[in-house]
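Participant: predicted model and sequence follow; I will ask about them next.
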Amino acid sequence: MTFDLPSVGLGTMGLDGDDGAAAVATALDVGYRHLDTAQVYGNEATVGAGIARAGVARDDLLVATKTWVDRLAPDDVRPSTEASLDALGLDAVDLLYVHRPRGGYDPAGTLAAYDALVDDGLVDHVGVSNFAVEQLEEALDLLEAPLSAHQTEFHPLFRRPDLREHAVDNGYTLVAYSPLAGGRVRDLEPVRAVAEKHDTTPEAVSIAWVTGKKGVVAIPKASSETHLRANLAAADLDLDPADVARIDAIEREEELFPE
(Lines give C-alpha, C1' and ligand atoms only; values in the text may rest on other atoms or scores of the structure.)
Protein backbone atom coordinates (compact mmCIF):
# COMPACT_ATOMS: atom_id res chain seq x y z
CA MET A 1 0.00 0.00 0.00
CA THR A 2 1.10 3.59 -0.54
CA PHE A 3 2.42 5.10 2.69
CA ASP A 4 -0.11 7.79 3.51
CA LEU A 5 -1.01 8.16 7.15
CA PRO A 6 -4.64 9.12 7.88
CA SER A 7 -5.18 12.34 9.80
CA VAL A 8 -6.41 10.36 12.83
CA GLY A 9 -5.21 6.93 13.86
CA LEU A 10 -5.71 4.90 17.03
CA GLY A 11 -3.21 4.97 19.86
CA THR A 12 -3.52 1.67 21.73
CA MET A 13 -1.41 2.12 24.87
CA GLY A 14 -3.45 0.70 27.74
CA LEU A 15 -5.83 -1.32 25.56
CA ASP A 16 -5.50 -4.94 26.61
CA GLY A 17 -7.36 -8.20 26.93
CA ASP A 18 -10.71 -8.94 25.34
CA ASP A 19 -11.99 -5.42 25.98
CA GLY A 20 -8.94 -4.02 24.22
CA ALA A 21 -9.37 -6.32 21.25
CA ALA A 22 -13.03 -5.30 21.06
CA ALA A 23 -12.03 -1.62 21.08
CA VAL A 24 -9.56 -2.20 18.23
CA ALA A 25 -12.19 -4.09 16.24
CA THR A 26 -14.74 -1.33 16.85
CA ALA A 27 -12.21 1.29 15.74
CA LEU A 28 -11.68 -0.55 12.49
CA ASP A 29 -15.42 -1.02 12.01
CA VAL A 30 -16.06 2.72 12.32
CA GLY A 31 -13.31 3.65 9.88
CA TYR A 32 -9.87 3.76 11.52
CA ARG A 33 -7.11 2.46 9.27
CA HIS A 34 -3.98 3.32 11.26
CA LEU A 35 -3.25 1.37 14.45
CA ASP A 36 -0.29 2.25 16.66
CA THR A 37 1.14 -0.13 19.25
CA ALA A 38 4.56 -0.90 20.76
CA GLN A 39 6.46 -3.79 22.25
CA VAL A 40 6.59 -2.10 25.65
CA TYR A 41 2.79 -1.72 25.73
CA GLY A 42 2.53 -5.51 26.03
CA ASN A 43 -0.59 -5.53 23.86
CA GLU A 44 0.53 -6.46 20.35
CA ALA A 45 -1.43 -9.72 20.64
CA THR A 46 -4.50 -7.72 21.71
CA VAL A 47 -4.16 -5.47 18.67
CA GLY A 48 -3.71 -8.52 16.48
CA ALA A 49 -6.86 -10.11 17.92
CA GLY A 50 -8.79 -6.93 17.18
CA ILE A 51 -7.53 -6.89 13.61
CA ALA A 52 -8.57 -10.50 13.12
CA ARG A 53 -11.97 -9.85 14.66
CA ALA A 54 -12.72 -6.87 12.40
CA GLY A 55 -11.72 -8.55 9.15
CA VAL A 56 -10.55 -5.38 7.38
CA ALA A 57 -8.55 -6.13 4.24
CA ARG A 58 -4.84 -6.13 5.08
CA ASP A 59 -3.99 -3.82 2.19
CA ASP A 60 -6.36 -1.21 3.63
CA LEU A 61 -4.72 -1.19 7.05
CA LEU A 62 -1.56 0.45 8.37
CA VAL A 63 -0.13 -1.16 11.50
CA ALA A 64 2.75 0.44 13.39
CA THR A 65 4.76 -0.88 16.31
CA LYS A 66 7.92 0.20 18.09
CA THR A 67 11.09 -1.55 19.20
CA TRP A 68 11.69 -0.97 22.90
CA VAL A 69 15.05 0.26 24.19
CA ASP A 70 16.12 -3.15 25.54
CA ARG A 71 15.79 -4.69 22.06
CA LEU A 72 17.55 -2.04 19.99
CA ALA A 73 20.99 -3.65 19.93
CA PRO A 74 21.62 -4.61 16.29
CA ASP A 75 21.46 -8.36 16.96
CA ASP A 76 18.18 -7.99 18.88
CA VAL A 77 16.21 -6.00 16.32
CA ARG A 78 15.26 -8.88 14.00
CA PRO A 79 14.20 -11.43 16.66
CA SER A 80 12.19 -8.81 18.52
CA THR A 81 10.48 -7.76 15.29
CA GLU A 82 9.68 -11.37 14.45
CA ALA A 83 8.15 -11.74 17.92
CA SER A 84 6.06 -8.61 17.31
CA LEU A 85 4.83 -10.00 14.00
CA ASP A 86 3.90 -13.29 15.65
CA ALA A 87 1.95 -11.45 18.33
CA LEU A 88 0.20 -9.24 15.77
CA GLY A 89 -0.56 -12.20 13.50
CA LEU A 90 1.02 -10.39 10.52
CA ASP A 91 3.62 -11.28 7.93
CA ALA A 92 4.95 -7.72 7.91
CA VAL A 93 4.43 -4.48 9.78
CA ASP A 94 3.78 -1.30 7.82
CA LEU A 95 5.84 0.96 10.08
CA LEU A 96 8.48 0.08 12.65
CA TYR A 97 9.76 2.80 14.99
CA VAL A 98 12.81 3.10 17.16
CA HIS A 99 10.81 3.83 20.32
CA ARG A 100 13.45 5.94 22.07
CA PRO A 101 17.10 6.55 21.16
CA ARG A 102 18.58 5.03 24.29
CA GLY A 103 19.23 1.63 25.88
CA GLY A 104 20.68 -0.61 23.18
CA TYR A 105 20.32 2.01 20.46
CA ASP A 106 23.45 2.13 18.31
CA PRO A 107 22.65 4.53 15.46
CA ALA A 108 24.69 2.84 12.74
CA GLY A 109 24.06 -0.75 13.81
CA THR A 110 20.42 -0.40 14.83
CA LEU A 111 19.40 1.48 11.72
CA ALA A 112 21.29 -0.97 9.50
CA ALA A 113 19.23 -3.73 11.13
CA TYR A 114 16.08 -1.78 10.30
CA ASP A 115 17.21 -1.44 6.69
CA ALA A 116 17.74 -5.21 6.55
CA LEU A 117 14.17 -5.77 7.77
CA VAL A 118 12.91 -3.56 4.95
CA ASP A 119 15.07 -5.41 2.41
CA ASP A 120 13.70 -8.74 3.64
CA GLY A 121 10.06 -7.65 3.55
CA LEU A 122 9.33 -7.81 7.28
CA VAL A 123 8.94 -4.03 7.54
CA ASP A 124 7.59 -1.66 4.91
CA HIS A 125 8.56 1.69 6.39
CA VAL A 126 10.97 2.97 9.05
CA GLY A 127 10.17 5.55 11.70
CA VAL A 128 11.70 6.95 14.86
CA SER A 129 10.11 8.25 18.04
CA ASN A 130 11.07 10.76 20.71
CA PHE A 131 14.14 11.95 18.78
CA ALA A 132 15.78 15.36 18.95
CA VAL A 133 16.66 17.24 15.77
CA GLU A 134 20.31 16.22 15.84
CA GLN A 135 19.30 12.57 16.26
CA LEU A 136 16.90 12.90 13.35
CA GLU A 137 19.69 14.31 11.20
CA GLU A 138 21.92 11.38 12.13
CA ALA A 139 19.16 8.89 11.28
CA LEU A 140 18.58 10.51 7.90
CA ASP A 141 22.29 10.21 7.15
CA LEU A 142 22.52 6.56 8.20
CA LEU A 143 19.30 5.04 6.87
CA GLU A 144 19.14 3.63 3.37
CA ALA A 145 15.33 3.41 3.59
CA PRO A 146 13.46 6.72 3.69
CA LEU A 147 12.57 8.04 7.12
CA SER A 148 8.78 7.90 6.92
CA ALA A 149 7.63 9.19 10.31
CA HIS A 150 8.69 10.69 13.60
CA GLN A 151 6.36 10.09 16.53
CA THR A 152 6.49 12.63 19.34
CA GLU A 153 4.33 14.19 22.02
CA PHE A 154 2.42 17.07 20.46
CA HIS A 155 -0.60 18.99 21.77
CA PRO A 156 -1.61 22.56 22.70
CA LEU A 157 0.65 22.47 25.76
CA PHE A 158 3.69 21.01 23.98
CA ARG A 159 4.34 22.00 20.36
CA ARG A 160 8.02 21.39 19.53
CA PRO A 161 8.08 23.69 16.47
CA ASP A 162 11.65 22.63 15.66
CA LEU A 163 10.52 19.04 15.21
CA ARG A 164 7.55 20.00 13.06
CA GLU A 165 9.70 22.23 10.88
CA HIS A 166 12.24 19.44 10.46
CA ALA A 167 9.51 17.01 9.40
CA VAL A 168 8.13 19.41 6.80
CA ASP A 169 11.58 20.26 5.48
CA ASN A 170 12.56 16.60 5.14
CA GLY A 171 9.30 15.18 3.84
CA TYR A 172 8.29 12.77 6.60
CA THR A 173 5.16 12.75 8.76
CA LEU A 174 5.04 13.98 12.35
CA VAL A 175 2.83 11.59 14.33
CA ALA A 176 1.40 13.29 17.42
CA TYR A 177 0.85 11.14 20.46
CA SER A 178 -1.16 12.39 23.44
CA PRO A 179 -2.91 15.01 21.26
CA LEU A 180 -5.41 15.60 24.08
CA ALA A 181 -2.63 16.31 26.60
CA GLY A 182 -3.87 13.54 28.86
CA GLY A 183 -7.27 15.23 29.11
CA ARG A 184 -5.81 18.58 30.11
CA VAL A 185 -7.14 20.29 26.97
CA ARG A 186 -10.63 20.41 28.50
CA ASP A 187 -9.25 22.71 31.21
CA LEU A 188 -7.64 25.20 28.80
CA GLU A 189 -9.78 28.32 28.47
CA PRO A 190 -8.79 29.09 24.84
CA VAL A 191 -9.62 25.54 23.77
CA ARG A 192 -12.94 25.61 25.65
CA ALA A 193 -13.83 28.93 24.05
CA VAL A 194 -13.17 27.63 20.55
CA ALA A 195 -15.20 24.52 21.37
CA GLU A 196 -18.15 26.62 22.51
CA LYS A 197 -17.93 28.69 19.33
CA HIS A 198 -18.17 25.55 17.19
CA ASP A 199 -20.62 23.72 19.48
CA THR A 200 -18.22 20.85 19.96
CA THR A 201 -15.86 19.48 22.61
CA PRO A 202 -12.41 20.68 23.68
CA GLU A 203 -11.11 17.25 22.67
CA ALA A 204 -12.39 17.68 19.11
CA VAL A 205 -10.85 21.14 18.92
CA SER A 206 -7.48 19.85 20.10
CA ILE A 207 -7.41 17.08 17.50
CA ALA A 208 -8.48 19.53 14.80
CA TRP A 209 -5.75 21.95 15.89
CA VAL A 210 -3.10 19.20 15.80
CA THR A 211 -4.13 17.73 12.46
CA GLY A 212 -4.49 21.20 10.95
CA LYS A 213 -0.73 21.66 11.24
CA LYS A 214 1.08 20.86 8.01
CA GLY A 215 2.48 17.35 7.95
CA VAL A 216 1.03 16.31 11.33
CA VAL A 217 -1.34 13.43 12.11
CA ALA A 218 -2.72 12.39 15.50
CA ILE A 219 -3.12 9.06 17.29
CA PRO A 220 -5.49 9.67 20.22
CA LYS A 221 -6.41 6.71 22.38
CA ALA A 222 -10.06 5.81 22.88
CA SER A 223 -12.02 2.66 23.67
CA SER A 224 -15.74 3.48 23.52
CA GLU A 225 -17.47 3.70 20.17
CA THR A 226 -18.69 7.21 21.01
CA HIS A 227 -15.19 8.53 21.64
CA LEU A 228 -13.72 6.60 18.73
CA ARG A 229 -16.21 8.17 16.33
CA ALA A 230 -15.76 11.64 17.83
CA ASN A 231 -11.97 11.54 17.54
CA LEU A 232 -12.12 10.31 13.96
CA ALA A 233 -14.57 13.04 12.98
CA ALA A 234 -12.59 15.79 14.71
CA ALA A 235 -10.12 16.08 11.84
CA ASP A 236 -12.98 17.40 9.70
CA LEU A 237 -13.65 20.28 12.11
CA ASP A 238 -12.78 23.50 10.30
CA LEU A 239 -10.98 25.90 12.62
CA ASP A 240 -10.57 29.42 11.28
CA PRO A 241 -7.28 31.35 11.59
CA ALA A 242 -8.51 33.19 14.69
CA ASP A 243 -9.28 29.86 16.39
CA VAL A 244 -5.84 28.52 15.58
CA ALA A 245 -4.14 31.73 16.72
CA ARG A 246 -6.03 31.63 20.01
CA ILE A 247 -4.72 28.15 20.77
CA ASP A 248 -1.25 28.94 19.43
CA ALA A 249 -1.06 31.79 21.93
CA ILE A 250 -1.28 29.48 24.97
CA GLU A 251 1.90 30.18 26.93
CA ARG A 252 1.78 27.34 29.45
CA GLU A 253 3.95 24.35 28.53
CA GLU A 254 3.61 20.88 29.97
CA GLU A 255 5.38 17.78 28.69
CA LEU A 256 3.64 14.59 29.81
CA PHE A 257 6.35 12.11 28.87
CA PRO A 258 9.80 13.65 29.37
CA GLU A 259 12.86 11.55 28.60
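Facilitator: Right, received. Where do you want to start? For clarity, every value in this text was computed on a predicted model and none was experimentally measured. Numbers count the residues shown, from 1 in each chain.
Participant: so what's the residue in the chain sticking out farthest from the centre closest to, chain neighbours aside?
Facilitator: In the chain, counting by Cα atoms, centre = their mean, residue 197 sits farthest out from the average C-alpha position, at 28.8 Å. Nearest-residue entry for residue 197: residue 243, 7.1 Å, with adjacent residues in sequence omitted and distances by Cβ to Cβ, 6 or more residues apart in numbering. In short, each C-beta sits where N, CA and C put it, glycine included.
Participant: tally of neighbours for the one you found?
Facilitator: 22 (other Cβ atoms under 10 Å).
Participant: also residue 233?
Facilitator: Other residues near residue 233 come to 16 when the count uses other Cβ under 10 Å.
Participant: equivalent analysis for residue 69, please.
Facilitator: Residue 69, neighbours per other Cβ under 10 Å, totals 17.
Participant: so it makes contact with residue 100?
Facilitator: Yes. When contacts are counted by Cβ atoms under 8 Å, residue 69 is listed as touching residue 100 (5.4 Å).
Participant: any idea how far residue 222 is from residue 24?
Facilitator: Using Cβ to Cβ, to the nearest Å, residue 24 is found at 11 Å from residue 222.
Participant: give the contact list for the closest residue to residue 254 other than its chain neighbours.
Facilitator: Closest residue to residue 254 apart from its sequence neighbours, by Cβ to Cβ, 6+ apart: residue 157 at 4.4 Å. Going by Cβ atoms under 8 Å, 6 or more residues apart in numbering, residue 157 touches 181, 184-185, 188, 250, 252-255.
Participant: and stretch 60-79, which residues are buried?
Facilitator: For stretch 60-79, the neighbour count (16 or more other Cβ atoms under 10 Å) marks 61-69, 71-74, 76-78 as buried.
Participant: pull up the distance across it, start to finish.
Facilitator: End-to-end distance of stretch 60-79: 26 Å, with Cα to Cα, to the nearest Å as the criterion.
Participant: quickly find the element holding residue 210.
Facilitator: Residue 210 is part of helix 202-211, with elements assigned from DSSP states H and E.
Participant: just checking, next helix/strand downstream of that helix?
Facilitator: By DSSP H and E, the next helix or strand past helix 202-211 is strand 216-218.
Participant: list the buried residues for the helix or strand hosting residue 168?
Facilitator: Per DSSP H and E, residue 168 falls inside helix 161-170. The neighbour-count check on helix 161-170 (16+ other Cβ under 10 Å) flags 163-164, 166-167 as buried.
Participant: good, wrapping up.
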